[in-house]
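Novice: pasting a predicted model and its sequence here:
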Amino acid sequence: MRRDTRWRTGDELPPLEIPVTRTLIVAGAIASRDYQDVHHDAELARRKGSPDIFMNILTTNGLVGRYITDHFGPTAVLRRVAIRLGAPNHPGDTMVLTGKVERVDGDTATVRVVGANGIGDHVTGTVTVTVPPGTPSGGAE
């Protein structure tokens with residue numbers, strides 16, 4: 001495989017700030033058909049011990065994918081997304097996604113991703129992405 005010069009191990013992706021709104025949380029839950037009350041009903045979420053509704057993992061997974069494809073471009077193919085949730089995303093906070101290229105193999109890169117909010121790391125994990133040869137790589141150029 002050829003070595004892709006568009007990115008290198010150790011390269012950092014620019015941060016992406018995502019305002020965590022009530023609408024984002026509820027819309028993400030509905031779009032992913034996750035009707036758990038803790039994702040749309042603040043009173044029921046409080047009764048279950050949460051200070052408010054919170055984002056579901058499928059919404060987080062989609063935002064991580066967006067972060068990677070925004071950076072690597074529209075031809076990027078997500079090969080593997082492995083994430084773990086930590087601190088919940090509640091309305092009114094901001095999640096800041098950051099990434100660092102851990103490994104490059106030809107046209108494929110593995111990126112360590114962290115999404116932090118005001119109380120800690122909401123999401124951590126890795127994304128393996130392939131960008132076909134000869135295509136622009138979004139913000140990575």
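Specialist: Arrived safely. Residues are numbered from 1 along each chain as shown.

Novice: how about the contacts made by Asp93?
Specialist: Residues in contact with Asp93 (C-beta atoms under 8 Å, 6 or more residues apart in numbering) are Val20, Asn117, Gly118, Ile119. Placement of C-beta: from N, CA and C, glycine included.

Novice: surely the first one touches Asn89?
Specialist: Same thing as Val20. Yes: counting by C-beta atoms under 8 Å, Val20 touches Asn89, with 4.7 Å between them.

Novice: the two: who's more crowded?
Specialist: Shown here are Val20 and Asn89; by other C-beta atoms under 10 Å, Asn89 has more neighbours (27 against 22).

Novice: Asp11 versus the nearest residue to Val38 once chain neighbours are set aside, what's the distance?
Specialist: In space, and not counting its chain neighbours, Val38 is closest to Ala45: 4.5 Å by C-beta to C-beta, 6 or more residues apart in numbering. Using C-beta to C-beta, to the nearest Å, Ala45 is found at 39 Å from Asp11.
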